[in-house]
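A.B. asks: Give me the fold of what follows.
(4 chains)
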Number of protein chains: 4
Amino acid sequence: MKKRWFPKVDNAPEPLSFTVERQVRFEEVDAIGIVWHGRYPSYFEDARTALSAQYGLGYMDFHAKGVIAPIKQMHIDYRLPLRFEDSFTIEGRWHWSEAARLNFEFILRNQQQQIVTTGYSVQMMLDHDSNILVVPPTFYQQFLQRWKEGKL
Amino acid sequence: MKKRWFPKVDNAPEPLSFTVERQVRFEEVDAIGIVWHGRYPSYFEDARTALSAQYGLGYMDFHAKGVIAPIKQMHIDYRLPLRFEDSFTIEGRWHWSEAARLNFEFILRNQQQQIVTTGYSVQMMLDHDSNILVVPPTFYQQFLQRWKEGKL
Amino acid sequence: MKKRWFPKVDNAPEPLSFTVERQVRFEEVDAIGIVWHGRYPSYFEDARTALSAQYGLGYMDFHAKGVIAPIKQMHIDYRLPLRFEDSFTIEGRWHWSEAARLNFEFILRNQQQQIVTTGYSVQMMLDHDSNILVVPPTFYQQFLQRWKEGKL
Amino acid sequence: MKKRWFPKVDNAPEPLSFTVERQVRFEEVDAIGIVWHGRYPSYFEDARTALSAQYGLGYMDFHAKGVIAPIKQMHIDYRLPLRFEDSFTIEGRWHWSEAARLNFEFILRNQQQQIVTTGYSVQMMLDHDSNILVVPPTFYQQFLQRWKEGKL
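C.D. replies: Coordinates of the predicted model:
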């Protein structure tokens, strides 16, 4: 049975999903010949960046609205290794939350479609004076509204 | 109340602890002026490497015994940011487990002794044919024995 | 007038060329908002890896023949900055040499086709006992032969 | 005979020098078991940062004066490899120049005091509108004056 990363929300719309491809670089591999575990936040970020950009909510979009969204929590489960030149996909899933936080789940798959890594990140939202936003900013509430209505 | 990262073990001896110092490099800081979240696995590894070496159980020691111990799980909670040139400490705590796994907890503190980041890593043990060890190897069992008897 | 990176060789065939694309990641940008200068060896390596692979002479191909080709020299001239999300191309040019060394030139261009960075790398060849090869190995001499005859 | 990285300046005072220590991290080592060539800009920066700070001319000091000093050129000669856990020193030498540029030379030595890597970096100075400074700013001219008079 699948582990649930985030609190269950009643009547939540389906997660938004986007998948990017990447290939293991030589510099990412360690002395054992597998990707060093500390490279995976970069892999996650590729999917998060691409998925956010799909909805006009990338880093620069937030920045233009005076909001930054630093990572508050990250979790990684390493199941299978990746090796030099392996091609793999990173699926990002944006999970519904009405709070001023961004909940992303990540699933990495190798070319045999095996799940090699899973994980998640949680971001909070801050204004430019580093105050935590308790209520999401208007532009984000409008995004949630469109998401709920299936109009994204 | 403190969160418990690892399963409770009855009559477990106290964790082993070691603290290293580090200073934020320019390359570690992002466009917002804080350490990019993906650098922290490197910070954790500094403490894990130093703590393991204290007990003759570093990466090279395992390797010499024909055992590798890849990271299976990692978790990071970001509480406060670190900035360029900030000095900070990384405390590693090795938690008792009788299984063939290595459970480390990490606590980063800034110069004001505030906890800035916490997290943990879990390693499993493999032989050189990548078979998972269910029972810890002899050299490791002897280490556990000395740990339990307070003879480290 | 163009600077010459490598010694002139009479009757040398034209360089081999290959261009890859890349986009600046958030983690690559520093506190000033431009790509940190130390990321460019990674950019160069992307082009070198792709260009080598075109001719069946990638890292793994060398490895299979018992030869490694570590970087002996690297040079980078930074002309214009790159910023977060900038798309750019990296052209690798493999310059002819009859010696047991690999001479690559790199040219990075932004979306306006301005040259933003140039540089080069020099690799020597070693056998698996780390002895420097004075004469290129047979498989490499055959590659040079095909290159010279225009049969690549 | 020693290679000269920078143009000879008549009556130039001796270079300023500072040496830092570092130990090779696991993440810095590649699949061949040696430090990946692209990590050395980080090693150079450690020495440059420490040497600059000695004279109150670190990154933050420049920033406070409204000047940034991006890297314009970098060169690295790899002579001997470094391996996991190797301790080594990085000597930075600041070479005299009356122009608005910073010329640093780097010498890495292993524990046997062998020179393993050499190189240099050149920085230009820009104001905060990204205009290149042709003449060094006043605070830097005063530093040059004290350097020349042996009063640092």
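A.B. asks: the helices in chain A, which residues?
C.D. replies: A:40-54, A:59-64, A:138-148 (DSSP state H).
A.B. asks: Go through those helices and find the least confident stretch.
C.D. replies: Ranked by mean pLDDT, the helices of chain A end with helix A:59-64 at the bottom, a mean of 92.
A.B. asks: Could you list the low-pLDDT ranges of chain A?
C.D. replies: A:1-3 (pLDDT under 70).
A.B. asks: please redo it, this time with the cut-off set to 80
C.D. replies: The model of chain A has pLDDT under 80 over residues A:1-4.
A.B. asks: Chain B contacts on that one?
C.D. replies: Proximity of chain A to chain B is confined to A:32, A:34, A:37-38, A:41-42, A:45, A:68, A:70-78, A:81, A:121 under the rule Cβ under 8 Å from any Cβ of the partner chain. The C-beta positions use only the backbone N, C-alpha and C, and glycine is treated the same way.
A.B. asks: Out of the helices of chain A, which is the most enclosed?
C.D. replies: helix A:40-54 (a mean of 21; mean count of other Cβ atoms under 10 Å in any protein chain shown).
A.B. asks: picking up where we left off before, now intersect the residues of chain A next to chain B with the strands, please.
C.D. replies: Using DSSP state E, A:68, A:71-78, A:121 are the members of the residues of chain A next to chain B that sit in strands.
A.B. asks: how about the residues you listed, which pair is most distant?
C.D. replies: A:68 and A:78 (29.0 Å; Cβ to Cβ).
A.B. asks: So which of these two has more stuff around it?
C.D. replies: The neighbour comparison of residue A:68 against residue A:78 (other Cβ atoms under 10 Å in any protein chain shown) goes to residue A:78, with 24 against 18.
A.B. asks: Specify the beta-bridge partners of the more buried one.
C.D. replies: On the basis of DSSP bridges, residue A:78 is bridged to residue A:117.
A.B. asks: hmm, back to that, in CSV, list the helices of chain A along with distance to chain C.
C.D. replies: CSV is the format used below for the helices of chain A (distance: least, Cβ to the nearest Cβ, whole Å):
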stretch, distance to chain C
helix A:40-54, 6
helix A:59-64, 6
helix A:138-148, 19
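A.B. asks: Point out the residues in chain A that sit beside chain D.
C.D. replies: A:26-27, A:29-31, A:33, A:36, A:38, A:84.
A.B. asks: out of those residues, which are buried?
C.D. replies: Applying 16 or more other Cβ atoms under 10 Å in any protein chain shown to the residues of chain A next to chain D, the neighbour count classes A:26-27, A:29-31, A:36, A:38, A:84 as buried.
A.B. asks: neighbours around the residue lying closest to residue A:17 once chain neighbours are set aside, how many?
C.D. replies: Closest residue in space to residue A:17, ignoring its immediate chain neighbours: residue A:93 at 5.0 Å, by Cβ to Cβ, 6 or more residues apart in numbering or on different chains. Residues contacting residue A:93 under the criterion other Cβ under 10 Å number 19.
A.B. asks: my read: residue A:93 touches residue A:107, true?
C.D. replies: Yes. Using Cβ atoms under 8 Å, residue A:93 is in contact with residue A:107, at 7.4 Å.
A.B. asks: Quick check: beta-bridge partners of the residue nearest to residue A:17?
C.D. replies: Beta-bridge partners, per DSSP bridges, of residue A:93: residue A:17, residue A:105.
A.B. asks: separation between it and residue C:113?
C.D. replies: According to Cβ to Cβ, to the nearest Å, residue A:93 stands 37 Å off from residue C:113.
A.B. asks: what's the answer for residue A:117, then?
C.D. replies: Taken as Cβ to Cβ, the span from residue A:117 to residue C:113 is 38 Å.
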